[in-house]
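Here is my input; please provide its structure:
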Amino acid sequence: MSADPREAPDRVEPGDPDEGAPEGEDGLDELTPRQIVRELDKYIIGQDEAKKAVAIALRNRWRRRQVEDELRDEILPNNLILIGPTGVGKTEIARRLARLAGAPFVKIEASKFTEVGYVGRDVESMIRDLVDVAVNLVRSEREGEVESVAEERVEEGLLDLLLPLKPSKGGPGHGEAGPEEEGGDRPPVFIAGPGGVKARSGARGEEGGEGGAGSSPREADAERLARTREKLRKLLRDGKLEDREVEVEVEQTASLDGMMAPMGGMEGMDFNFTEMLQDMLPKRTKQRSVSVAEARRILLQEELDRMIDMDEVINDALDRVEDTGIVFLDEIDKVTRERGGGASGPDVSREGVQRDLLPIVEGSNVQTRYGMVRTDHILFIAAGAFHVAKPSDLLPELQGRFPIRVELSSLGEKEFVRILQEPKNALVTQYRALVAPEGVELEFTDDGIRELARIAARLNESMENIGARRLQTVMTTLLEDVLYQLPESGEGHVLVDARFVRERLDSIAKDEDLRRYIL
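Purely as a prediction, here's the structure:
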């Protein structure tokens, strides 16, 4: 559960779209800047100037693709710097923007590049991470396109494992003679009943057969087997065979983990020698006895691997990275030093990182395991609090690569009231959903929400200002006893009003020692 409607993971993973928003390149042309802002309003409160700036930057990406080829490469993205304290929505704006565009997105902490002695060692890794995200994103889309067909094939494969249409000659329980051998025993008939599937063999005799008077014995057996297979199919779809064990053949490759260590000076190289060696080694297969549920997972993955052309996936992913990729460079102020002082100690490292970032932002070729990537048209969004240093303290060349600067305002009590109620993923909505499986209705009154916002805002003023993230710590402390006592308490309805909030939080908020360690 996200602590703050603005808090974001490092990457945008596939399969987690925003409901109701057009996504991907096909949907981007339908989103005007005003519509982009409206979509961002569903999750982010305030910060209208920042929303406006990123909406224009996103729409300009679509506009660029409509320009004739000769001029298209000359139009560079308008990189942004978002300036504001922590918890005001910098990361969430960039993350939601990437989801709207269906674009590869990666968040990188600039401070990870500040280690003295390792200046610029991993600067290019942000592009390699972005390519990995893009490959996973495109592959996920391709899997969604063929998943229904793959599931049908997997179902047939599971039925073949449970009940082969053509019993193998001399196989276990299949008798000594095959069905086509003259005078041989009849092939077994598989009967599906309440006790499971059983094989019944014996002379055909004069039973008349279930295939009709004019059917040959072989046709009657085939029809009987087909009917049994359909009964099994129904049981399989109803989930009644999930624990049944079957044997599947899986491919094994030798593990080379830990055998390849990077050599000195090659930390930036991303050639995956381990994967290359594994591809060269001969593949071995092994019979495993697994449940139907596990067999379905194994067979589905194998089927998807066969149906998806990875070369096509990689080509599409590289194109997306170059045309629509977004890199969120957080804590950019941590690699900035105040002008006027001598450059010594970590300041040398900070300027070195800026120099190494410059060609990436400016436009260069980066080698990845999937091929070369041009960074000319990747959108870079930098963010930082800039409490000590200022954006003007960045290297002049790097400043010029971030022409748009937007300052985000601090959040107060009024904004906290809206954050608790208005976003689609508001904290109040999340906690209601959390206790619903316990059969409990969690009700927040208006005065209770206002009191929560008042306490969170007061704590931000008297302690470190962590923005909307303070709401998570306050809400967690407020509902700790309620969540611990459920479901044994037997409460079916919990009312959170101003009195409830004051009883649980006022004493902690007023005690300086307690609030430092609890809130």
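
contact partners of stretch 69-77?
Defining contact as CB atoms under 8 Å, 6 or more residues apart in numbering, one finds that stretch 69-77 is touched by 57, 60-61, 64-65, 67, 363, 376-380. Glycine gets a C-beta too; all of them are placed from N, C-alpha and C.

Narrow those residues to just the buried residues.
Neighbour counting by 16 or more other CB atoms under 10 Å classes 57, 61, 64, 377-380 among these as buried.

Find the pair from the residues you listed with maximum spatial separation.
Greatest spatial distance among the buried ones among the contacts of stretch 69-77 (CB to CB): Arg64 and Phe380, at 15.5 Å.

So for the helix ranked longest in the chain, what gets flagged as buried?
Counting by DSSP state H, the longest helix found in the chain is helix 125-162. Within helix 125-162, the residues that count as buried by 16+ other CB under 10 Å are 125-139, 142-143, 150, 153-155, 157-159, 161-162.

again with stretch 41-51
Applying 16+ other CB under 10 Å to stretch 41-51 flags 42-47, 50-51 as buried.

Let me have those residues in a markdown table, adding pLDDT, distance to Ile466 and secondary structure as columns.
A markdown table is the format used below for the buried residues of stretch 41-51 (pLDDT from 0 to 100; distance: CB to CB, whole Å; DSSP: H, G, I helix; E, B strand; the rest coil):
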| residue | pLDDT | distance to Ile466 | secondary structure |
| --- | --- | --- | --- |
| Lys42 | 90 | 23 | coil |
| Tyr43 | 91 | 19 | coil |
| Ile44 | 91 | 17 | coil |
| Ile45 | 90 | 16 | coil |
| Gly46 | 87 | 16 | coil |
| Gln47 | 90 | 16 | coil |
| Ala50 | 91 | 19 | helix |
| Lys51 | 92 | 22 | helix |
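
what's the farthest-apart pair in the contacts of stretch 69-77?
Val67 and Phe380 (20.8 Å).

that older thread, let me have the buried residues of stretch 41-51 in CSV, extended by distance to Arg401.
CSV is the format used below for these (distance: CB to CB, whole Å):
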residue, distance to Arg401
Lys42, 31
Tyr43, 28
Ile44, 26
Ile45, 30
Gly46, 28
Gln47, 23
Ala50, 19
Lys51, 22
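
Which of those residues sits closest to Val501?
For those, the nearest to Val501 is Ile45 (20.4 Å; CB to CB).

thought that closest one was touching Gln421?
No - assessed by CB atoms under 8 Å, Ile45 is found out of contact with Gln421, at 9.5 Å.

that older thread, and the longest helix of the chain, how far out from the chain middle?
14 Å (CA atoms, centre = their mean, to the nearest Å).

Could you do stretch 85-93 as well?
Taking CA atoms, centre = their mean, one finds stretch 85-93 lying 20 Å from the centre of the chain it belongs to.

Kindly report the same for stretch 351-362.
29 Å.

What distance do you get for the residue lying closest to Val123 once chain neighbours are set aside to Arg401?
Residue nearest to Val123 in three dimensions, not counting chain neighbours: Asp356, with 4.4 Å by CB to CB, 6 or more residues apart in numbering. Counting by CB to CB, to the nearest Å, the gap from Asp356 to Arg401 is 13 Å.

This completes my enquiry, with thanks.
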